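**Student:** I'd like to go over a predicted model; first the sequence, then the structure.
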Amino acid sequence: MLRLIPLLLVGLLLAGCAGKGTQRPELAGAPTVYADVVSPPNPVLVGCFMRSRPSEYTRPNSYRYCLVEKKGKWAVYYDWRDGKSGEEHKGWMAFTIEGDKLISGTEPSSYVVKDGAVWHSYGGRDTLHRMLPD
């Protein structure tokens, strides 16, 4: 019986890892818009990220993106919500990739790699907000 406990723990661990690797349904189809690639993306930008909630705002906008490579082309699935109106925009959207920068073509956000992490900037402001893996 004691020999089964480690086996059971390994099985649970593997089952948990398998869940992390599943594809997001919104990313399953072919992108409708591809990114304009000036230079290939920094690998740190690749994947899915969400902006942490800035403490200085009571109803901040929320931002999520997934930068993926599909058939040799880069695409961004973007989801952002206006914190005041609740209006949400999501789907494949136009972006420009410039190495360490990911620049939105639909609203004034940009994402940059700094100190090995992804940061969000809005409207050219100097303030950066940390993006977390999603």
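**Tutor:** Perfect, I can see it now.

**Student:** quick one: stretch 90-98 to chain centroid distance?
**Tutor:** Stretch 90-98 has its C-alpha centroid displaced from the chain centroid by 11 Å (CA atoms, centre = their mean, to the nearest Å).

**Student:** Other residues contacting stretch 49-68?
**Tutor:** 24, 26-27, 31, 35, 41, 45-48, 74-84, 95, 97, 102, 109, 111, 118, 120, 122, 129-134 (CB atoms under 8 Å, 6 or more residues apart in numbering). For every residue, glycine as well, the C-beta is placed using N, CA and C.

**Student:** List buried residues within those residues.
**Tutor:** 31, 35, 41, 45-46, 48, 74-81, 95, 97, 102, 109, 111, 118, 120, 122, 129, 131 (16 or more other CB atoms under 10 Å).

**Student:** still on that earlier bit, so which of the contacts of stretch 49-68 belong to strands?
**Tutor:** 47-48, 74-81, 95, 97, 102, 109, 111, 118, 120, 122, 129-133 (DSSP state E).

**Student:** For the residue lying closest to Asp79 once chain neighbours are set aside, report the pLDDT, please.
**Tutor:** Leaving aside its sequence neighbours, Asp79 sits nearest to Lys90 (CB to CB, 6 or more residues apart in numbering; 3.9 Å). In this prediction, Lys90 carries a pLDDT score of 94.
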